[in-house]
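Undergrad: Here you go, sequence then predicted model.
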Protein chains: 2
Amino acid sequence: MRRQKKFYAWGYADEDLSADEIVPWEAEIAQRYGLDGFDVTPPPRPEEITLRAPRVAPPPALQPIVRTDHLTRLEHSYGKAGFDTTRMFMRSVPNPPDAVAFPDNEQDVVRVLDWCDSIGATAIPYGGGSSVVKGIEAPAAADKVVTISTRHMDKVLEVDPVSHAARIQGGIYGPAIEDQLRDSPFTMRHYMQAYRCSTLGGWIATRSGGHYATLYTHIDDFVESTRVVTPAGTLETRRLPGSGAGPSPDRLFIGSEGILGIITEAWVRLRKKPTFRASASVRFKDFFAGADAVRDITQANLYPANCRLLEAREALPGIPWSSEEAVLVLAFESADHPLDAWMKRALEICADHGGVADAGADDENAHRSGAAGAWRNRFIRAPHYGEHAVARGILSSTFETSMTWDRVRDFHQKITAITRDTIRRVTGRDGTVTCRFTHVYPDGPCLYFTFSGILDKRRQLEQLMEVLSTCTAATVEHGGTTTHHHAVGRFHRPFYDKQRPELFARALRGAKRELDPKGMMNPGVLIDP
Amino acid sequence: MRRQKKFYAWGYADEDLSADEIVPWEAEIAQRYGLDGFDVTPPPRPEEITLRAPRVAPPPALQPIVRTDHLTRLEHSYGKAGFDTTRMFMRSVPNPPDAVAFPDNEQDVVRVLDWCDSIGATAIPYGGGSSVVKGIEAPAAADKVVTISTRHMDKVLEVDPVSHAARIQGGIYGPAIEDQLRDSPFTMRHYMQAYRCSTLGGWIATRSGGHYATLYTHIDDFVESTRVVTPAGTLETRRLPGSGAGPSPDRLFIGSEGILGIITEAWVRLRKKPTFRASASVRFKDFFAGADAVRDITQANLYPANCRLLEAREALPGIPWSSEEAVLVLAFESADHPLDAWMKRALEICADHGGVADAGADDENAHRSGAAGAWRNRFIRAPHYGEHAVARGILSSTFETSMTWDRVRDFHQKITAITRDTIRRVTGRDGTVTCRFTHVYPDGPCLYFTFSGILDKRRQLEQLMEVLSTCTAATVEHGGTTTHHHAVGRFHRPFYDKQRPELFARALRGAKRELDPKGMMNPGVLIDP
């Protein structure tokens, strides 16, 4: 029996935060903003939301795998961003998909695309539906929309224990990969916050960033080969450890966000389950003392698995909001060798920048205790707070970008100021802005901004969109990327258009015309037809 | 004063092997094949080769940067493969370029492409002209051909000492990069055999593989952003340490082999010059004992800078041809920390597979002495032997591919047998075949095959092409790549066509039509118009 996901928010219907989690969280926010309490909108029930009647009817042969019932369409209408949950709480779903297809295999995918083609429907690859960028949302202008969920294509098909790789179906969720690898010595170890409800095909289509903070972060580096069903046919790239034969075909599909086809399978690189660990939390007097240490660690090619720099007030309990302190969550792991030399050198670098390691550093369970443990719990539980914030009109959102080290300090300052000013301008009162580095490279970090404030519940969606759009636009305007690991979708599209060279958009359009001549695949994402 | 390159072979006109190098080499080969000696064809002089009259005349405004003289056209007619030198020794150049342009800056590149467009000429980006795959050769069918050499665009324009990156012009040769970085603490450290006479733009266009044997091997990973002049206009990608915004624009141009435009600039990642080194040579009883060790080292994520597995009889002096012994050249380097822990663990892994480290292992100068030093000298000097082999009708060539570890042993056996059989069939006598791993990844190695034999000088080119084509075809037929780091060009085209998905070729053609609507850029390479 498949667990039912919440149609209106993150997670499964049978799980929620406990009162022990919600009450202090709510009290802390109320206190921060000097409020007595919140007007709490109850979550929507499916019958409270009216959907337009389906504009398509699946032919008999497809009826076993295509659904048009209310709840299925509702579940597949939005992703899992704050603006998605907000619209659900507004009981507003003007553009649901007309049908949702659940192919059992690749041949089914072909049949569904053929059907879409024959009726002139737009096809939207759904992945796990965890998009936070309107990547899986039906475009308002489409006449007919069929969403395609590959969630039944959820098997690890083959493990190559010699090359450390596996052939895996595109519709598999993160945990199922690890479950099916349980009897092997391997792990894919590509975790992100959406891990539980996102798919391998979705990770590839959106260039997801995973658990590793350095080196093997982006899914791009995990992919050995791909298999893609396009409207023009099915293609499979050759499984190769390395090749110099022309532009990489995989790289055309990695990041293609469903506009070229549906990724049905991939060979991905695995690694042995780590048996050696070294973890530490290091405190710095401020964020940029920590940033200097992080830069030196990455430029020293030490490749920690985790190297997340956080503002202590955001990451740790009991830190006053006025504190400038930062904490670095640092971890090395290996299935091959003890990591003493690696950790020792990384901690020396931290010390050079005034970093003080918490007691328990170097303890191999440190990643589940202390600052690292607190960060880990918060990381896993964070998405569940979204619906409770929305229900209360609490602004609570994030955006992420990346920047080279030479400009990061100035960039950080500008974006922080713009975010702070925008919250004040839009909501009429001060909010909070914090930043972390979630992924770090020798030439720069991924900056992940978290902000909060209090919205006017009558204009909740409008205010949220204005803050988020203004801040995201600023990242691009000041030289960053519109997204480091959350994809472009429909939300980032105007900012992406400024970021990428126009000639590249033309080239991509030319490629799309060959693979999707009628422009039926996820139109409006990345490029216009 | 620029040094004159040899028009007919590798290297500069003012350098050659010494008699001390040639005499024992020639004697060894004569002895191996039971020959008394060789009929030595003298190298061609320019005036011995007749070229078709130029079919274009540069307009006055371009005359300062466009040359149509005999020697310039001759120099730019062929790359540096054995079949190129052979054709030069045959005094056969039926399809020289009609003119060679030397733009001084990007605006000149635009002007030259505009001129090509206006006269209907094919434009061939030349890089350093070190292609060994007919990548820079004029297609016989073209009416007019203008070769474009960016060698005057040879500056490191900007160094970012914080992010460890530099903005560099596309026409720069390898040594000039390091020269211009001399006063900085940085190095690009992307060396390959063609390093001295190949360009950054060429490396990017051909997805070159460099000095590093693991991790940072392909130029792909060095590129932070690119600037490209296409017939449709100039584009520049944004400089970012990481991005998830759509398919990577850089990756479309990395490996594009001049069919989309000319790479005029790139930001590339640098690293600090290494100050710590640990090197060793390790002997194994046979190649696959060494291969198992190499696989374990890469899968342990130790990331040695050098990890080349060689057959001892090929790499070292005084090893009998019957020996099965293999030698691993292993090196770690860092600008940050001592490498004892890394080398210790790698040598433990080697010992687990029966590997015995040479005396002097762990000595930081070991890379210039012993087996490693012998390998290093041979690596640098090898290309110079090409013309002397050609002059004598000695078959001496290489091809390279890659394969996942699970199939590498069987693949190695098949390709070795096919190469051996093909030499015997084509030349009527036995030759030699050896293999090395030049680059290694956690999921598989790059196999680099070297073969030799004795050709019939009357059918020298035909026999060479037949051996090389048969072996390269076999790599693709048995699941490998047609090239791991030497590009596709015109030579690999039929094998590449079998390797890459046809739908990818169509997508690439769609992209090309947008950037190069008239199909003037290097036609026939990678795809047909």
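TA: Here it is on my side, so go on.
Undergrad: For the rest of this, base every contact and every neighbour count on C-alpha atoms.
TA: Noted.
Undergrad: Quick one: the helices in the stretch 201-350 of chain A, in order.
TA: With DSSP state H, counting those that start in this stretch as the criterion, the stretch 201-350 of chain A has helices at A:249-253, A:287-299, A:312-315, A:340-352.
Undergrad: Of these, which is nearest B:Lys144?
TA: helix A:249-253 (31.4 Å; C-alpha to C-alpha).
Undergrad: Quick check: which helices or strands does the closest one pack against?
TA: In terms of contacts (3 or more C-alpha pairs under 8 Å, 6 or more residues apart in numbering or on different chains; DSSP states H and E), helix A:249-253 is packed against strand A:223-230, helix B:249-253.
Undergrad: residues touching A:Gly519, list them.
TA: For A:Gly519, the contacting residues are A:Lys512, A:Arg513, A:Pro529, by C-alpha atoms under 8 Å, 6 or more residues apart in numbering or on different chains.
Undergrad: Of the residues you listed - the most surrounded one?
TA: Neighbour counts for the contacts of A:Gly519 (other C-alpha atoms under 10 Å in any protein chain shown) peak at A:Lys512, which has 27 neighbours.
Undergrad: residues in contact with it?
TA: A:Ile259, A:Leu260, A:Gly519, B:Ala507, B:Gly510.
Undergrad: got it, and A:Thr206?
TA: A:Ile254, A:Gly255, A:Ser256, A:Glu257, A:His485, A:His486, A:Ala487, A:Val488, B:Gly244, B:Ala245, B:Gly246.
Undergrad: same thing but 7 Å
TA: When the contact criterion is C-alpha atoms under 7 Å, 6 or more residues apart in numbering or on different chains, the partners of A:Thr206 are A:Ile254, A:Gly255, A:Ser256, A:Glu257, A:His486, A:Ala487, B:Gly244.
Undergrad: who's in contact with the helix-or-strand element of chain A with minimal mean pLDDT?
TA: Least confident helix or strand of chain A, by mean pLDDT, DSSP states H and E, is helix A:370-392 with a mean of 82. Helix A:370-392 is contacted by residues A:9-11, A:16-17, A:38-42, A:82, A:85-86, A:193, A:281, A:315-316, A:329, A:366-367, A:395-396 when judged by C-alpha under 7 Å, 6+ apart.
Undergrad: now the angle between helix A:370-392 and the very next helix or strand once past it, please.
TA: Using DSSP states H and E, the helix or strand that follows helix A:370-392 towards the C-terminus is strand A:394-402. When axes from the mean of the first three to the mean of the last three C-alpha atoms, to 10 degrees is applied, the directions of strand A:394-402 and helix A:370-392 differ by 130 degrees.
Undergrad: Determine if any part of strand A:394-402 is in contact with chain B.
TA: Yes: counting by C-alpha under 7 Å from any C-alpha of the partner chain, chain B is contacted by strand A:394-402 at A:Ser402.
Undergrad: Quickly run through the sheet partners of that strand, with directions.
TA: strand A:444-454 (antiparallel) (DSSP bridges).
Undergrad: who wins for neighbours among the contacts of A:Lys512?
TA: Neighbour-wise, the contacts of A:Lys512 (other C-alpha under 10 Å) top out at A:Leu260, 30 neighbours.
Undergrad: hang on, that one packs against A:Pro523?
TA: No: with contacts counted by C-alpha atoms under 7 Å, A:Leu260 stays clear of A:Pro523, the gap being 9.8 Å.
Undergrad: near chain B, which residues of the stretch 201-350 of chain A show up?
TA: A:206-208, A:235-237, A:240-249, A:251-256, A:300, A:336, A:341.
Undergrad: between the contacts of A:Lys512, which is nearest B:Gln31?
TA: For the contacts of A:Lys512, the residue nearest B:Gln31 by C-alpha to C-alpha is B:Ala507; the value is 52.8 Å.
Undergrad: Dump the helices and strands packed on helix A:249-253 into CSV; add distance to B:Glu265 and mean neighbour count as well.
TA: Formatted as CSV, the helices and strands packed on helix A:249-253 follow (distance: least, C-alpha to C-alpha, whole Å; neighbours: other C-alpha atoms under 10 Å in any protein chain shown):
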stretch, distance to B:Glu265, mean neighbour count
strand A:223-230, 28, 23
helix B:249-253, 12, 24
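Undergrad: Now tabulate those in TSV and tack on mean pLDDT.
TA: Converted to TSV, the helices and strands packed on helix A:249-253 look like this (pLDDT from 0 to 100):
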stretch	mean pLDDT
strand A:223-230	98
helix B:249-253	98
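Undergrad: Now those in TSV, please, with extra columns for distance to B:Glu21.
TA: Output for these, formatted as TSV (distance: least, C-alpha to C-alpha, whole Å):
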stretch	distance to B:Glu21
strand A:223-230	43
helix B:249-253	41
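Undergrad: From the contacts of A:Gly519, which land in strands?
TA: Judged by DSSP state E, these include no members of strands.
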